[in-house]
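Student: What follows is a protein structure lacking sequence information:
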């Protein structure tokens, strides 16, 4: 993946990894994005907005602990777990989580090239406000009509699109607001996760349904993470498919599954195309408007 470093100090691009449904691989995608960008020489910050699950925070802490265990510098992003984002917490003032998120993004934008926000797997003010800050929204989606339902309804006879679902409307409204306010619309990318390596009727129907919906909602659909056990095995040690997966790093001998996973992730990062970096003033203005 070739990405030019921003020529300006204090510039940042905001990536929001979001889906209203949990279990879609948001934290895994966010972690791989962070490591891929760091390996391109970019300064990366990650923000975990899911104060209940804290999956991305756990992933990063696992990486820190494993690096110490094997005596290697695996590289870590600047990380913030936004505990104030626990919407509905006793004693928390309305909007406090969103204000804390906006302040965090403003601060991180001063000395990072990319800021990755990993959102909660449910609707709420914090999740909606995060979209208002985005340059790119990435929505991981398991290759199943159960997960497709967050984007669009499906006719049981024809498998045609019957309507736009709740999360798709959230993204569409956020883009429309950005277009009216800034004259631009953020890039929306849907990644198909848990893709089977073999062809199937479900895979074909999902592909066609996503193609039709992509035309309606103006998102790009790219292949994401395959149905590989190896991605689940990375988590306890905080590893990614982009690390130097020799025996010392892995704690076991690498296999062809590791090689295939790396190629898959490199393909995803290239398809996402994160080459354009917003200026620091852009991020500051979005933060101010979102507040």
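Tutor: Done, it's in. The structure displayed is predicted, hence computed values, not measured ones.
Student: can you list the weak-confidence ranges in the stretch 51-200 of the chain?
Tutor: Residues of the stretch 51-200 of the chain meeting the criterion pLDDT under 70: 84-95, 196-199.
Student: try 50
Tutor: The model of the stretch 51-200 of the chain has pLDDT under 50 over residues 85, 90-91.
Student: can you give me the helices in it?
Tutor: Along the stretch 51-200 of the chain, counting by DSSP state H, counting those that start in this stretch, helices occupy 55-70, 96-109, 125-132, 145-148, 166-182.
Student: in the third one, what counts as buried?
Tutor: Pointing back at helix 125-132 there. Neighbour-count burial for helix 125-132, counted by 16 or more other C-beta atoms under 10 Å, picks out 126, 127, 128, 129, 130, 131, 132. Every residue, glycine included, has its C-beta placed from N, CA and C.
Student: Repeat that for the second one.
Tutor: For helix 96-109, the buried set under the neighbour-count rule, 16+ other C-beta under 10 Å, comprises 96, 97, 98, 100, 101, 102, 104, 105, 106, 108, 109.
Student: What segments of the stretch 101-250 of the chain are strands?
Tutor: Taking DSSP state E, counting those that start in this stretch as the criterion, the stretch 101-250 of the chain carries its strands at 114-118, 136-142, 152-154, 161-164, 187-193, 220-223.
Student: Please identify the most buried of those strands.
Tutor: Most buried of the strands of the stretch 101-250 of the chain, by mean neighbour count (mean count of other C-beta atoms under 10 Å): strand 114-118, with a mean of 28.
Student: could you say what helices and strands that one packs with?
Tutor: With contacts defined as 3 or more C-beta pairs under 8 Å, 6 or more residues apart in numbering; DSSP states H and E, strand 114-118 has these neighbours: strand 13-17, helix 26-39, strand 44-48, helix 96-109.
Student: of these, which approaches residue 234 most closely?
Tutor: helix 26-39 (7.8 Å; C-beta to C-beta).
Student: In TSV, list the strands of the stretch 101-250 of the chain along with distance to residue 262.
Tutor: Shown next, in TSV, are the strands of the stretch 101-250 of the chain (distance: least, C-beta to C-beta, whole Å):
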stretch	distance to residue 262
strand 114-118	20
strand 136-142	18
strand 152-154	32
strand 161-164	35
strand 187-193	16
strand 220-223	14
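Student: Nearest to residue 73, out of these?
Tutor: Smallest distance to residue 73 across the strands of the stretch 101-250 of the chain (C-beta to C-beta): 19.8 Å, for strand 114-118.
Student: ok, the closest one: who's next to it in the sheet?
Tutor: Using DSSP bridges, the strands paired with strand 114-118 are strand 13-17 (parallel), strand 44-48 (parallel).
Student: Switch those strands over to JSON lines; also include mean neighbour count.
Tutor: Listed next are the strands paired with strand 114-118 as JSON lines, based on neighbours: other C-beta atoms under 10 Å:
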{"stretch": "strand 13-17", "mean neighbour count": "27"}
{"stretch": "strand 44-48", "mean neighbour count": "26"}
